[in-house]
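> Model the structure of this input:
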Amino acid sequence: MFEEEEYSPSETEPFSCMNGATTSRKKKNKNKRRFSDEQIKSLESMFESETRLEPRKKMQLAKELGLQPRQVAIWFQNKRARWKSKQLERDYSILRASYNSLASRFETLKKEKQALVVQLQKN
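Down below sits the predicted model:
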């Protein structure tokens with residue numbers, strides 16, 4: 001029905017870096033509120049017990065922390081994404097170590113085989 005189009009500034013729009021005006025992104029970041037340490041601890045604690053919140057629990061947690069339910073939902077979504085990324089890194093490290101161990105063992109066996117072949121040819 002509607003096609004999604006990427007925003008691209010027109011030639012008539014001034015460049016913010018040229019006229020000294022701040023961009024909307026900078027304004028957004030300036031108005032962005034950080035969570036307090038207490039809020040983060042509570043969110044982290046809840047995330048450890050459950051990575052996805054039911055709407056009722058999300059509302060309750062938001063109320064307890066003085067946040068909007070949407071803020072809690074987005075925090076959990078971002079946390080799951082970061083957790084998944086770190087989990088992939090851990091899995092990769094484990095697989096890489098396993099591969100290195102197997103490759104080393106393979107090379108050792110190859111050398112042993114070569115030594116045995118040489119020994120058989122001598123006899």
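> residues touching the spatially most central residue of the chain, list them.
Nearest residue to the geometric centre of the chain (Cα atoms, centre = their mean): residue 82, 2.8 Å. By Cβ atoms under 8 Å, 6 or more residues apart in numbering, residue 82 lies in contact with nothing. For the C-beta atoms, the positions are set from N, CA and C on the backbone; glycine is no exception.
> what helix or strand is it on?
Here residue 82 sits within helix 69-122, counting by DSSP states H and E.
> list the contacts for residue 75?
With Cβ under 8 Å, 6+ apart, residue 75 has these contacts: 35, 43.
> Would you mind stating the distance between it and residue 48?
14 Å (Cβ to Cβ, to the nearest Å).
> How about residue 81?
In terms of Cβ to Cβ, residue 81 sits 16 Å off from residue 48.
> can you count the residues close to residue 114?
Neighbours of residue 114 under the rule other Cβ atoms under 10 Å: 10.
> Against residue 42, how distant is it?
Taken as Cβ to Cβ, the span from residue 114 to residue 42 is 62 Å.
> Show me how far the helix holding residue 82 is from its chain's centre.
Mean-position distance between helix 69-122 and its chain equals 19 Å (Cα atoms, centre = their mean, to the nearest Å).
> next one: stretch 63-80
With Cα atoms, centre = their mean, you get 17 Å for stretch 63-80.
> buried ones in that stretch?
The neighbour-count check on stretch 63-80 (16 or more other Cβ atoms under 10 Å) flags 65, 67, 71, 72, 73, 75, 76 as buried.
> rewinding a little: would you mind checking the average pLDDT for the helix holding residue 82?
Helix 69-122 carries an average pLDDT of 96.
> May I have the phi/psi pair for residue 50?
phi -150, psi 130 (degrees, to the nearest 10).
> pLDDT value on it, please?
Looking at residue 50, the pLDDT reads 93.
> how many neighbours does the nearest residue to it once chain neighbours are set aside have?
When the adjacent residues along the chain are set aside, residue 50 lies closest to residue 57, with 7.8 Å between them (Cβ to Cβ, 6 or more residues apart in numbering). By the criterion of other Cβ under 10 Å, residue 57 has 13 neighbours.
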